[in-house]
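A.B. asks: here is a sequence together with a model predicted from it:
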Amino acid sequence: MDGISSWGLGKYRVEMVDYNAEVSNESYFTLYSKSSQKLPYKKAFWYSELNTIVEPGEEAQILLGTSYEDVTLIYQMEQKGEIITLDFLNLSNEQRLMTIPVSEEHRGNFSLTFIFVKDNRVYRGETLIEVPWSNKELKVEFESFRDKLLPGEEEEWRIRISGIDGEAAQAEMLALLYDASLDSFRKHSFNFGIYPEIYRQRWWRSDSFSNRRSSIAVNIRGPYNYISPTREYDDLNYFGLRLLSYDRGIQMFNLGLRSASNIKITESIVLEDGLEAAKGDGLASDDYNYDYNFDYNLLDIDIRRDFNETAFFLSSFKGR
């Protein structure tokens with residue numbers, strides 16, 4: 001947008017209108033500056049994550065601030081369940097840019113927590129800083145590849161493995177051949193992760209600032225006995241049917257019962273243990289007809305005839 005560099009800090013509303021189609025849309029955004037000590041607008045706790053996916057040698061950046069005066073904020077850095085840094089920050093109606101240098105020892109992620117108390121209320125910000133294992137990545141390229149073979153035909157594939165910077169890498173490779181027709185039933189996928197991703201293991205609790213309720217019991221004895229009135233209303237008898245709950249291995253759903261007079265059972269249901277739900281239990285209404293006889297069409301799925309699968313392991317595979 002033109003002239004945005006001259007705009008002041010704050011919250012804005014942008015509206016887009018198409019007068020030809022007579023449609024419009026609006027959205028809100030906050031304009032702030034990380035180099036300014038001024039908050040974009042008054043806020044008890046201003047918290048913005050600027051750079052949370054970093055490599056060693058870079059800096060993680062968190063922008064935080066408050067409109068309160070004289071706030072003491074606790075800053076904690078944690079990795080692998082251990083507290084690496086625990087410090088205090090003083091803020092007074094200002095915004096501050098926090099920069100955390102990241103080194104090799106931080107690979108696998110670490111967590112940041114910022115918390116303070118003001119006027120009997122807790123304010124907290126938590127962030128996971130991701131430091132990936134990019135130094136362990138391998139690049140795999142096919143130098144020769146054939147995607148079609150005839151029965152009994154032999155073929156050779158050539159694969160080049162290199163490090164993240166293109167240098168030759170020594171690696172071990174597992175190659176798997178499987179029947180692709182099985183994908184018609186369920187897609188095949190690989191999940192191979194040997195490097196840990198570390199997540200938060202320590203949390204700050206603020207139970208002492210939750211709501212509390214008190215009551216007082218008064219026993220007044222007098223010449224009159226006061227009896228509070230009670231009211232009872234008619235309700236449906238479900239004969240043991242539990243709505244919106246799991247019962248005897250199947251899930252019962254409320255099928256839109258309206259009154260006992262217009263309920264019509266379409267069919268009975270046999271439960272997992274062999275018991276049959278009796279008619280009159282209210283398993284269906286007159287507005288619903290359910291077909292429990294599912295018909296799956298398996299004609300489009302190729303029948304698998306060869307159940308041989310081949311896997312070979314090449315140890316000490318040397319890249320070129």
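C.D. replies: Structure received. Residues are numbered from 1 along each chain as shown.

A.B. asks: next up, the contacts around the nearest residue to Asn25 once chain neighbours are set aside.
C.D. replies: Excluding the flanking residues, the one nearest Asn25 by C-beta to C-beta, 6 or more residues apart in numbering is Met16, at 5.2 Å. All C-beta spots, glycine's among them, are computed from the backbone N, C-alpha and C. Contacts for Met16 (C-beta atoms under 8 Å, 6 or more residues apart in numbering) come out as 24-26.

A.B. asks: want to throw these into CSV with neighbour count and distance to Leu176?
C.D. replies: Below are those laid out as CSV (neighbours: other C-beta atoms under 10 Å; distance: C-beta to C-beta, whole Å):
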residue, neighbour count, distance to Leu176
Ser24, 10, 54
Asn25, 9, 49
Glu26, 9, 52
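
A.B. asks: need those in CSV with pLDDT and secondary structure, can you?
C.D. replies: As requested, the contacts of Met16 are arranged in CSV below (pLDDT from 0 to 100; DSSP: H, G, I helix; E, B strand; the rest coil):
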residue, pLDDT, secondary structure
Ser24, 87, strand
Asn25, 90, strand
Glu26, 90, strand
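
A.B. asks: next, format these as CSV and append distance to Gly81.
C.D. replies: What follows is the contacts of Met16, written out as CSV (distance: C-beta to C-beta, whole Å):
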residue, distance to Gly81
Ser24, 51
Asn25, 46
Glu26, 45
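
A.B. asks: pick the one among these closest to Trp157.
C.D. replies: Here the nearest of the contacts of Met16 to Trp157, counting by C-beta to C-beta, is Asn25; it sits at 51.5 Å.

A.B. asks: wait, is the residue nearest to Asn25 part of a helix?
C.D. replies: No - counting by DSSP: H, G, I helix; E, B strand; the rest coil, Met16 falls outside a helix, being strand.

A.B. asks: please enumerate the strands of the stretch 51-200 of the chain.
C.D. replies: Here the stretch 51-200 of the chain has its strands, by DSSP state E, counting those that start in this stretch, at 59-66, 71-79, 82-91, 94-101, 110-118, 121-129, 139-144, 158-162, 170-177.

A.B. asks: relative orientation of the third one and strand 59-66 in degrees?
C.D. replies: Right, strand 82-91. In terms of direction (axes from the mean of the first three to the mean of the last three C-alpha atoms, to 10 degrees), strand 82-91 departs from strand 59-66 by 40 degrees.

A.B. asks: no further queries at this time; thank you.
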